[in-house]
Each structure stands twice: as C-alpha cells, then as structure tokens.
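[1] fold the following for me, if possible:
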Amino acid sequence: MFSAARSGGYHRPSIDVAEAAWRRLGDSFLEIPRHPEQGEPWALKEFGQPTVRRGKQRR
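    Numbering: from 1, shown residues only. You can find the predicted model right below:
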C-alpha cells in the first residue's frame, strides 16, 4: 500500500499511489459497457481521448 514515512505520517497515501488509484478507478469506469443508442460518451465528445501526461507539474 503506502508508507506512513513517505506520506508525512497522516495516514495519507503518497501522491503517486493516489494518482495510480484514481487512474485504476477511471479505467474500470470506462470499461462499463454503454448502450448502443447512447452514442459517444459526453466527455469524449467534449474533450477528446485522454492523453498520457509527460511529467508531473506541481503548482
């Protein structure tokens, strides 16, 4: 899972672990079959296919 030492000891996962978990959740959500009459998902029509981020940008 995650190390408390890396997360600051506040029982939070590191940013890398959290990001991987969100990506797994999103991937599993996208695997849910859609009804043929629903057409293309709204987000794909609006924003296009997701791309892989090239690097981590911190604000």
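[2] so the residue nearest the centre of the chain versus Pro36, what's the distance?
    What sits nearest the mean C-alpha location of the chain, by C-alpha atoms, centre = their mean, is Arg23, with 2.6 Å. Distance, Arg23 to Pro36, using C-beta to C-beta, to the nearest Å: 27 Å. (Glycine included, C-beta is placed from N, CA and C.)
[3] picking up where we left off before, what strand or helix carries the residue nearest to the centre of the chain?
    Per DSSP states H and E, Arg23 falls inside helix 15-30.
[4] and the lowest-mean-pLDDT helix or strand in the chain, how far out from the chain middle?
    Lowest by mean pLDDT, DSSP states H and E among the helices and strands of the chain is helix 42-47, with a mean of 84. Relative to its parent chain, helix 42-47 has a centroid offset of 16 Å by C-alpha atoms, centre = their mean, to the nearest Å.
[5] so what does it touch, helix or strand wise?
    Contacts defined by 3 or more C-beta pairs under 8 Å, 6 or more residues apart in numbering; DSSP states H and E place helix 42-47 against no helix or strand at all.
[6] and for it, what's in contact with it?
    Residues outside helix 42-47 that contact it (C-beta atoms under 8 Å, 6 or more residues apart in numbering): none.
[7] low-scoring stretches of this protein, by residue?
    1-9, 53-59 (pLDDT under 70).
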